[in-house]
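Chemist: Next comes the sequence, and after it the predicted model I'd like to discuss.
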Amino acid sequence: MKAILGLNAYHADSSACIVVDGKLVACVEEERFRRVKHWAGFPAESIRYCLSAAGIRLNQVSQLAVNSGSGSNLCRKFGYTLFHRPTVSLLLGKFRTHLRRSRIKDQLMRSFPSETFTGKIIRVEHHLAHLASAYYAGPFDEAVAVSIDGFGDFASAAWGHAGDGKINLISQIWFPHSMGVFYQAVTQYLGFPDYGDEYKVMGLASYGQPTYASEMRNIVRLVDGGRYELNLSFFRHGRDEIDYSWAEGTPVFETLYTRELEDLLGPARQKHEKLDQRHKDIARSAQWMYEQALFHLLNSAYEQCECKNLVLAGGCAMNSVANGRITSNAPFRNIYVQSAAGDAGGAVGAAFAAAARDCDEGIDRGQMPHAFWGPGFDDSEIADILSARRNDLGDSACTVTRIDAEDALCRAVAQSIANGLVVGWFQGRMEWGPRALGNRSILGDPRRADMKDILNSKIKRRESFRPFAPSILRDKVVDWFEQDDDVPFMMKVLQIRESKRRQVPAVTHVDGSGRLHTVTAEANPLFFKLIKEFDSLTGVPIVLNTSFNENEPIVCRPEEAFDCFMRTNMDILVLGDYLIRRQDECAH
Ligand SMILES: [Fe+2]
């Protein structure tokens, strides 16, 4: 047996995975255990879970693969540093980060004091890990592999040709030019300062027009070879000290844009300032610019590789709106984006890359046809929790019913959704990546125009401009969407057919689009059955699906789902076979 632990450590979305004999066994983000969004630090709890899922001890792990090569691209880093004369404190900060990352083994021993680790530590360059995470997870034997993010190991993008189990790097885009930084800086400018807020700008963009396109062209310049350059007068990261806080806890970023950006676009929006049309137009223009740069890079990568399959990773690969437009703007026909395309996914990529190095034919492709690689809990564990919480259940006048026949459970839940109730749905192993895909989901009726407001008032309290997603039976996509496509991880936004939009107002965004999740019986049989029951009842093969959480990481354990149910106004909680109803629930 050869076991490889993969880590994304001291980055945002710290995570771990385990690959045994070239096959993925488990992967999870540390935030799910620590209960702090995007937790950055050493993923000790994730490692503990991965070892237990594989049924092995740390001393049986032969390699520990990390998605950051401390020695990668040193010449470029050194050259840039010499030329730009950084401050002493900036150099010290970088040295501290370097030290933390180089002491992985010490940290491992501190986290597992009674264990031993005699294996090797393998450093995989950040973008190579992203590319490997996409290629080996995806279904294609041959593909163009592309990675785009903020920065990792001094690069912000990389692409190459993947075939016969190997990845050959073709090109990279280096610091300080980065579309990830561009999008993050505009996100901060629009008054969304938190790590991961970019998706808010993506949602807001649908309300605007690209009226600031010429300003955006001043900020980003597309150059030959699929490359792009930032106009650095609008950004601080190339010339000032930027403190990236990657210690334990929530990742924190300083402001990335300069006063010149405000001179160009007008005053920046403050966090709680009302959103006006100018903000929406700037969001739309930034989204447009990102797409122009993406398609420019992809068209060049296609010319270099001439393969119609694309695998995509890196934080920017989470831009599902841009992903949905790729086939209309580049020659690719088949696209795969794994469910944790951002830095969390680098843990899997590092482990895959390490496993492939030792194997002439590479390792298997198609390793991630579904996203259910996290912890799961059986019905006896759930029964114990309900027993321990019986006082809470009594105080809240809840009834508990066990329905162990799947068909009957799905029928009862589908009927409740059709009656307008909000259902917490907790089943099987937790999703890998930021999207709820039918195992840790909150579900509602997509036919109700008021369901978005109901969900926001009962649980989510999100910005009103953000859409909710449709989970749809895979074979019904062609009837409801303008493109017939597999989207198993909600990584593409497609247009809903105009004739259907009125039937599903709760999942139709202002521009007629939907960030769909296609569901098959193979990937998730129980969730498939539930949507099928809803289809039989209503004629609509879609349910509204949002993540099971309330301003926190997605729930991992049944206790967290139970607590979320208790402190919000969710109507029904389904934990495995157990259906918990508030007695005062009422159909809306
Ligand atoms: Fe990255």
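Modeler: Sure, I can see it.
Chemist: Tell me the residues on the stretch 1-150 of the chain that lie near the ion, please.
Modeler: Taking CB under 5 Å from the ion as the contact definition, the stretch 1-150 of the chain meets the ion at Asp149. C-beta here means a position set from N, CA and C on the backbone, and glycine is covered the same way.
Chemist: same thing but 8 Å
Modeler: 11, 67, 126-127, 130, 147, 149-150 (CB under 8 Å from the ion).
Chemist: Restricted to helices, list those residues.
Modeler: Residues of these located in helices (DSSP state H): 126-127, 130.
Chemist: mind checking which helix or strand the closest residue to Asn59 other than its chain neighbours is in?
Modeler: Closest residue in space to Asn59, ignoring its immediate chain neighbours: Thr116 at 4.8 Å, by CB to CB, 6 or more residues apart in numbering. Following DSSP states H and E, there is no helix or strand that holds Thr116.
Chemist: Could you tell me which ranges of this structure sit under the pLDDT cut-off?
Modeler: Along the chain, the model assigns pLDDT under 70 to residues 70-102, 241, 243-246, 584-588.
Chemist: ok, now which ones touch the residue in it that the ion sits nearest to?
Modeler: Among all residues of the chain, Asp149 sits closest to the ion, at 3.6 Å; criterion: CB to the ion. Neighbour list for Asp149: 127, 130, 156-157, 178, 180, 314-316, 342-343 [criterion: CB atoms under 8 Å, 6 or more residues apart in numbering].
Chemist: Any figure for the gap between it and Arg557?
Modeler: Distance from Asp149 to Arg557, counting by CB to CB, to the nearest Å: 30 Å.
Chemist: Next: Thr568.
Modeler: On the measure of CB to CB, Thr568 and Arg557 end up 17 Å apart.
Chemist: Any residues of the stretch 301-450 of the chain in contact with the ion? List them.
Modeler: 314-315, 342-343, 346.
Chemist: And Lys105, its phi and psi?
Modeler: When read as degrees, to the nearest 10, the backbone of Lys105 gives phi -70, psi -40.
Chemist: For it, which non-adjacent residue is closest in space?
Modeler: Spatial nearest neighbour of Lys105, chain neighbours left out: Ile121 (6.1 Å); criterion: CB to CB, 6+ apart.
Chemist: which phi and psi does that neighbour have?
Modeler: phi -100, psi 120.
Chemist: how about it, what does it touch?
Modeler: Here Ile121 is in contact with 63-64, 66, 104-105 (criterion: CB under 8 Å, 6+ apart).
Chemist: ok now do Arg325, which residues does it touch?
Modeler: 291, 295.
Chemist: what's the domain layout of the protein?
Modeler: The chain resolves into domains spanning 3-132, 137-340, 379-582 when parsed by automatic domain parsing.
Chemist: Between those domains, which one is closest to Arg365.
Modeler: domain 137-340 (6.1 Å; CB to CB).
Chemist: And that closest one, end to end?
Modeler: Across domain 137-340, the terminal residues are separated by 11 Å (CA to CA, to the nearest Å).
Chemist: Give me the nearest residue to Ile335, chain neighbours excluded.
Modeler: Nearest one to Ile335, counting by CB to CB, 6+ apart, is Leu310 at 4.8 Å.
Chemist: Phe332 is in contact with the one you found, correct?
Modeler: Yes. Using CB atoms under 8 Å, Leu310 is in contact with Phe332, at 4.2 Å.
Chemist: Give me the more crowded residue out of the two.
Modeler: Ranked by neighbour count (other CB atoms under 10 Å), Leu310 and Phe332 place Leu310 first, with 28 against 20.
Chemist: What separation do you get for the most centrally placed residue in the chain and Gly160?
Modeler: The residue lying closest to the centre of the chain (CA atoms, centre = their mean) is Pro434, at 3.9 Å. According to CB to CB, Pro434 stands 26 Å off from Gly160.
Chemist: quick one, what contacts the residue nearest to Ile335?
Modeler: 143-144, 146, 298, 326, 330, 332, 334-336.
Chemist: Out of those residues, which sit inside helices?
Modeler: 298, 326.
Chemist: Redo the contacts of Leu310 as TSV? Include distance to Lys2.
Modeler: Output for those, formatted as TSV (distance: CB to CB, whole Å):
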residue	distance to Lys2
Ala143	25
Val144	29
Val146	29
Leu298	35
Ile326	36
Ala330	38
Phe332	34
Asn334	31
Ile335	31
Tyr336	26
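Chemist: and which of the contacts of Leu310 is nearest Gln172?
Modeler: Val146 (11.1 Å).
Chemist: Identify each buried residue in the one helix or strand Ile282 maps to, please.
Modeler: Taking DSSP H and E as the definition, Ile282 sits inside helix 277-305. Within helix 277-305, the residues that count as buried by 16 or more other CB atoms under 10 Å are 278-298, 300-302, 304-305.
Chemist: swap in stretch 156-172?
Modeler: Under the neighbour-count criterion of 16+ other CB under 10 Å, stretch 156-172 has 156-163, 165, 167, 169-172 buried.
Chemist: From the chain's centroid, how far away is it?
Modeler: Mean-position distance between stretch 156-172 and its chain equals 22 Å (CA atoms, centre = their mean, to the nearest Å).
Chemist: Check stretch 211-222 too.
Modeler: Distance of stretch 211-222 from its chain centroid, counting by CA atoms, centre = their mean, is 27 Å.
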